[in-house]
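**Q** Here is a sequence with its predicted model. Questions after.
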Amino acid sequence: MKIKVLFVCLGNICRSPAAQGVMQRLINERGLAHRFEIDSAGTYSGHRGQLPDPRMRHHASRRGYNLNHRARPISSDDFDLFDIIVAMDESNRRNLIRLAASPQQESKIVMMGDYIVKLRAHYDYVPDPYYEGAEGFELVLDLLEDACGNLLDEIITKYKL
């Protein structure tokens, strides 16, 4: 059985594809690729089919991440296909709750901010860097590297991997 994790932000061009890339690398480094399926989506469909934002790809590539996911909107099927659906911020969480068709589907939604430890005093969510400069993209990657590691540790413990 594969554990399926879906990362969700607004447009699926900055935060969620970066989270997908960070998590996939952590999983690969731990030799667990055969146990996971990682994907990302957005609550807004306006960027459908696009690669991640060039600025996010640039900053991610400097850290060794290759972000080649094509943006897609979340679908109702995702709530059945994925075990864990990770919202980047409160707005994304509210949108996901509205899309969930049942309490069981809603129970799959978690906040990425719950897994931030190192910068927790300043951030309990992953801010959208779209209108920010280089420092915004670097901050998002810092937060995601911290949070994805902690999320992965929790999943490993929960599923006894």
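**A** Nice, I can see it. Numbers count the residues shown, from 1 in each chain.

**Q** ok, longest helix in the chain?
**A** helix 134-158 (DSSP state H).

**Q** tell me which strands and helices that one is in contact with?
**A** Here helix 134-158 is seen to pack against strand 3-9, helix 15-29, helix 54-62 when contacts are counted using 3 or more Cβ pairs under 8 Å, 6 or more residues apart in numbering; DSSP states H and E. Using the backbone N, CA and C atoms, a C-beta is placed for each residue, glycine as well.

**Q** what does that helix rub up against?
**A** For helix 134-158, the external contacting residues (Cβ atoms under 8 Å, 6 or more residues apart in numbering) are 3, 5, 14-15, 18-19, 22-23, 26-27, 30, 32, 55-56, 58-60, 63, 84, 86, 110, 112-113, 115-119, 123, 126-127, 129, 132, 161.

**Q** returning to that earlier point: including distance to residue 141 and mean pLDDT, could the helices and strands packed on helix 134-158 go into a markdown table?
**A** As requested, these are arranged in a markdown table below (distance: least, Cβ to Cβ, whole Å; pLDDT from 0 to 100):
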| stretch | distance to residue 141 | mean pLDDT |
| --- | --- | --- |
| strand 3-9 | 14 | 98 |
| helix 15-29 | 6 | 98 |
| helix 54-62 | 6 | 98 |
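
**Q** I'd like to know which of those lies nearest to residue 76.
**A** Distance to residue 76, taken as Cβ to Cβ, is lowest for strand 3-9 among the helices and strands packed on helix 134-158, at 12.7 Å.

**Q** still on that earlier bit, is it possible to get JSON lines of the helices and strands packed on helix 134-158 that adds distance to residue 75 and mean neighbour count?
**A** As requested, the helices and strands packed on helix 134-158 are arranged in JSON lines below (distance: least, Cβ to Cβ, whole Å; neighbours: other Cβ atoms under 10 Å):
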{"stretch": "strand 3-9", "distance to residue 75": "10", "mean neighbour count": "25"}
{"stretch": "helix 15-29", "distance to residue 75": "14", "mean neighbour count": "24"}
{"stretch": "helix 54-62", "distance to residue 75": "23", "mean neighbour count": "17"}
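
**Q** Quick one: closest of those to residue 101.
**A** When the helices and strands packed on helix 134-158 are ranked by distance to residue 101, counting by Cβ to Cβ, first place goes to strand 3-9 at 15.5 Å.
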